[in-house]
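Novice: Below is the sequence, then the predicted model.
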Amino acid sequence: MSNKRRIIVSDEGTICVVRFVDKKIVDSASIEQLGEELNSLVLVDKKSVLLLNFEGVEFMSSAALNKMISLNSKLKAVQGRLKLCNLRAEIKEVFTITRLDRVFDIRKTEPEAIAAFKL
Amino acid sequence: MNSKVGEASHDSCYLLTDNPCKEASMFVPPQDAMSWCLQRAIPSDLDVGHEQIESLMTELEKAAWDGRDLFHVRMAVEEAVVNAIEHGNKRDASKIVQLDFRVSPELCYIDIIDQGEGFDPASLRDCTDEEFVDKPRGRGVMLIKELMSEAVYNDKGNRLTMLRKRNDPAFEIREEE
């Protein structure tokens, strides 16, 4: 798997679980790198079932949201699947305000999200 | 300038327009009623912008702001400063962004002016439309309006003045969702 600096990747069976290194995802260079690393999971590492676990993430800007949207598009193109979990209430609220809660499948916990992949 | 803490680093070009904002109809809290104020002109550099945001967040925490109030202000000011530097000044090193941050235990006032050409906020596409909801961009301004008690652009669109009241009842309903 290609080297990653902004994310920590682990496999749960066929599901690729992604955690974030940064507590606050705001720095523009880091966000660009994050976007490239997320995209490379799909384009280089050929992952198609992804779970983004936001545990520990305290804040993210809309520039970071855009990277999630881009990842979602890349996954759609390969008939992949994406779920999100462990969003703190305030970040979940951002998804709700922007209606991105209709674009992403957001689950409370990692076990809940993993179970939902198997439905 | 009566700033208690901040000092303009580019004094000669500090005043881009009248101060405080007369175009915005919102209440502008006087500096002497606030526990902390920062007035500063910064270069079009995101790292410098983020340093000012961190100062603001530190002062809000000192004034006992927390939870959603703190998060909402961080989100709005983050989007506003990034927009001013990236979309307003287009990261042009010769252009500055003028900041006016004021904090009290009850209020947070933020005024941001860039030297760009401005824009018409009404011309932005609705990022919640079915057609655009899965497309990047366009969420920053919406979040600013949704997360602050008041947010007003000047006519030119290069100045954003916003106010957040702590424990604003306008945000209680969403919390129950």
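Specialist: Done, it's in.
Novice: The most centrally placed residue in chain A: what secondary structure?
Specialist: Centroid check for chain A by CA atoms, centre = their mean gives A:Leu52 as the closest residue, at 3.4 Å. Assigned with DSSP: H, G, I helix; E, B strand; the rest coil, A:Leu52 falls in the strand class.
Novice: And the one 5 residues further on, by the same measure?
Specialist: The three-state assignment at A:Val57 reads coil, by three-state DSSP.
Novice: What is the neighbour count of it?
Specialist: For A:Val57, the count of nearby residues is 20 (other CB atoms under 10 Å in any protein chain shown). To be clear about C-beta, it is placed using only N, CA and C from the backbone, and glycine gets the same treatment.
Novice: swap in B:Met162?
Specialist: 24.
Novice: same check, this time on B:Asp120
Specialist: Neighbour tally, B:Asp120, other CB under 10 Å: 10.
Novice: my guess is it contacts B:Gly157, does it?
Specialist: Yes. Assessed by CB atoms under 8 Å, B:Asp120 is found in contact with B:Gly157 at 5.8 Å.
Novice: give the contact list for the residue nearest to the centre of chain A.
Specialist: Shown in contact with A:Leu52 (CB atoms under 8 Å, 6 or more residues apart in numbering or on different chains): A:18, A:20, A:68, A:82-85.
Novice: low-scoring pLDDT stretches of chain A, where are they?
Specialist: Along chain A, segments meeting pLDDT under 70 span A:1-2.
Novice: residue ranges for the helices of it, please.
Specialist: Assigned by DSSP state H, the helices in chain A fall at A:28-43, A:62-77, A:89-97, A:110-117.
Novice: buried set for the first one?
Specialist: It refers to helix A:28-43. Buried residues in helix A:28-43, counted by 16 or more other CB atoms under 10 Å in any protein chain shown: A:28, A:30-31, A:33-35, A:37-42.
Novice: before we move on, what about the shortest one?
Specialist: Residues of helix A:110-117 classed as buried by neighbour count (16+ other CB under 10 Å): A:110, A:113-114, A:117.
Novice: picking that back up, ok, the residue nearest to the centre of chain A to B:Asp47 distance?
Specialist: 26 Å (CB to CB, to the nearest Å).
Novice: pLDDT weak spots in chain B?
Specialist: Applying pLDDT under 70 to chain B flags residues B:1-25, B:173-177.
Novice: Show me what from chain B comes close to chain A.
Specialist: Within chain B, the positions near chain A by CB under 8 Å from any CB of the partner chain are B:46-47, B:50, B:67-68, B:71-72, B:74-75, B:78-79, B:82, B:127-128, B:133-137, B:139-140, B:142-143, B:146-147, B:174, B:177.
Novice: Just these: which are in helices?
Specialist: Filtering those for helices - DSSP H - leaves B:46-47, B:50, B:67-68, B:71-72, B:74-75, B:78-79, B:82, B:140, B:142-143, B:146-147, B:174.
Novice: Great, nothing more from me.
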